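Enquirer: Got a predicted model here, sequence first, then my questions.
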Amino acid sequence: MGEQQVVTVWGAGSWGTALALVLARSGRQVRLVARNDVQAELLNSSRENARYLPGIPLPANLHVMADPVVAMQGAAACVYALPCATVDSCLPLLADGDYPVIAACKGLHPQTLERTDQMFARHIAAQRIALLSGPSFAAEVARGQPTAITMAASDLAKAEAAAAFFDDTSFRIYSSDDLIGVAMGGALKNVIAIAAGMADGLGFGHNSVAAAVTRGLSEMARLTVACGGRYETLMGLSGLGDLVLTCTGTLSRNRRFGAEVARGAAAAAAVASIGQVVEGVRTAEAADRLAGHLGIELPLIQTVHRVLSGSVRLPDAVHVLMSRPERAE
Ligand SMILES: NC(=O)C1=CN([C@@H]2O[C@H](COP(=O)(O)OP(=O)(O)OC[C@H]3O[C@@H](n4cnc5c(N)ncnc54)[C@H](O)[C@@H]3O)[C@@H](O)[C@H]2O)C=CC1
Ligand SMILES: O=C(CO)COP(=O)(O)O
């Protein structure tokens, strides 16, 4: 792949900017699509995304634009790094091309209960879709710190082809042909991270976080397998790896959100104070409903949703969780 290959990244928040930096280090000509002209101008002139990744310079081969249609002209691939809530309004603009679209967002649709691969397949041909997911805080990726992540597509050759756009030794990509497992892992770990944050906010110690990670992983695997994904995928980077990162890492917005709610903040106020997307809120509702349709019990995930929707108080929910009938592990 030549120096001139153009890759477009849609979304100039934390994750889109970090991925644009990886692609720029990989020698691509990178077009980063900002929300509007004002943001594009600011990033181009200051050579920094001061709101999301302060102090990290944008290199010369990274150009910020505001029009996604113009940004896609002649591009070899699009990396979609906007929150899941934008998919239905933004993705139709990518419907006509034949370039691969790499989805970097993590979540379930709260109305249709779709995974990211399903949301994308409603708008673009299935063979164009790849998913990038795994333990990867944007701030660390942007600084070039070692990161291992998964790229999934309908077959391994397509996943490897999508991974080949990234050619940066600090960003190591493993391939997978389990779109369902990778999408579910990335979505559900955010809900468990909220639970871990709630434990932290309630003043509990490491034991409760370890319990949330382990029992949370079990719930994630149960729902994933019921949806057709593979158990082994949940034991890899895009499942356990991302779960450990977000349940223990102080950079996690989902974990911080859970802690603020446990300390008494209203959910909307906690999201506002974080100032970035907290995907686990919508996904908690979707996962609870999906589990209901499938007749699966997911105590932690369902508790997070019920606390956030106000149907149970957090201290009562902890009591109920801990008083459930004991059973084999
Ligand atoms: N930040 C991280 O460390 C990672 C984030 N992700 C995922 O990436 C996705 C995006 O998250 P972040 O970049 O972190 O969120 P963010 O909150 O940092 O940035 C979101 C960006 O999307 C823009 N935006 C929102 N609606 C838009 C619209 N309709 N049109 C154009 N721009 C719009 C916002 O202006 C903002 O710049 C999420 O699904 C998240 O779970 C995945 C891996 C790591
Ligand atoms: O997905 C992430 C890291 O892999 C980011 O997690 P948060 O959205 O909780 O910050």
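Expert: Structure's in. What do you need? Ligands and ions are numbered 1, 2, ... in the order given.
Enquirer: Just the terminal-to-terminal distance for stretch 148-168.
Expert: 11 Å (CA to CA, to the nearest Å).
Enquirer: go on, stretch 171-182?
Expert: Start-to-end, stretch 171-182 (CA to CA) is 18 Å.
Enquirer: these two touch, right, F171 and Q145?
Expert: No. Look at F171 against Q145 with CB atoms under 8 Å: they stay out of range, at 9.6 Å. From N, CA and C alone the C-beta is placed, and that goes for glycine too.
Enquirer: neighbour count winner among these two?
Expert: The neighbour count for F171 versus Q145, taken as other CB atoms under 10 Å, is higher for F171 (23 against 12).
Enquirer: Could you pull up the residues touching that one?
Expert: V22, V141, T147, I149 (CB atoms under 8 Å, 6 or more residues apart in numbering).
Enquirer: quick one: the last one and G74, what's the gap?
Expert: Same thing as I149. For I149, the distance to G74 (CB to CB, to the nearest Å) stands at 27 Å.
Enquirer: cool, the second one as well?
Expert: Counting by CB to CB, the gap between V141 and G74 amounts to 26 Å.
Enquirer: pLDDT averaged over the lengthiest helix in the chain - what is it?
Expert: When the chain is parsed with DSSP state H, its longest helix is helix 179-201. For helix 179-201, mean pLDDT rounds to 98.
Enquirer: does the closest residue in space to A142 that isn't next to it in sequence count as helix, strand or coil?
Expert: Closest residue to A142 apart from its sequence neighbours, by CB to CB, 6 or more residues apart in numbering: A18 at 4.2 Å. At A18 the chain is in helix, as set by DSSP: H, G, I helix; E, B strand; the rest coil.
Enquirer: For A18, report the pLDDT, please.
Expert: For A18, the predicted pLDDT is 98.
Enquirer: So which residues on the protein come close to ligand 2?
Expert: Residues of the chain found near ligand 2 (CB under 6 Å from any ligand atom) are 106, 135-137, 190, 193, 242, 245-246, 252-254, 279.
Enquirer: which residue ranges form the helices in the stretch 101-250 of the chain?
Expert: 116-121, 138-142, 156-163, 179-201, 206-226, 231-234, 242-248 (DSSP state H, counting those that start in this stretch).
Enquirer: Between I149 and G74, which is the more surrounded one?
Expert: Taking other CB under 10 Å, I149 and G74 do not tie; I149 has more neighbours (22 against 12).
Enquirer: Just grab the bridge partners of the more buried one for me.
Expert: I149 forms beta bridges with I173, as assigned by DSSP bridges.
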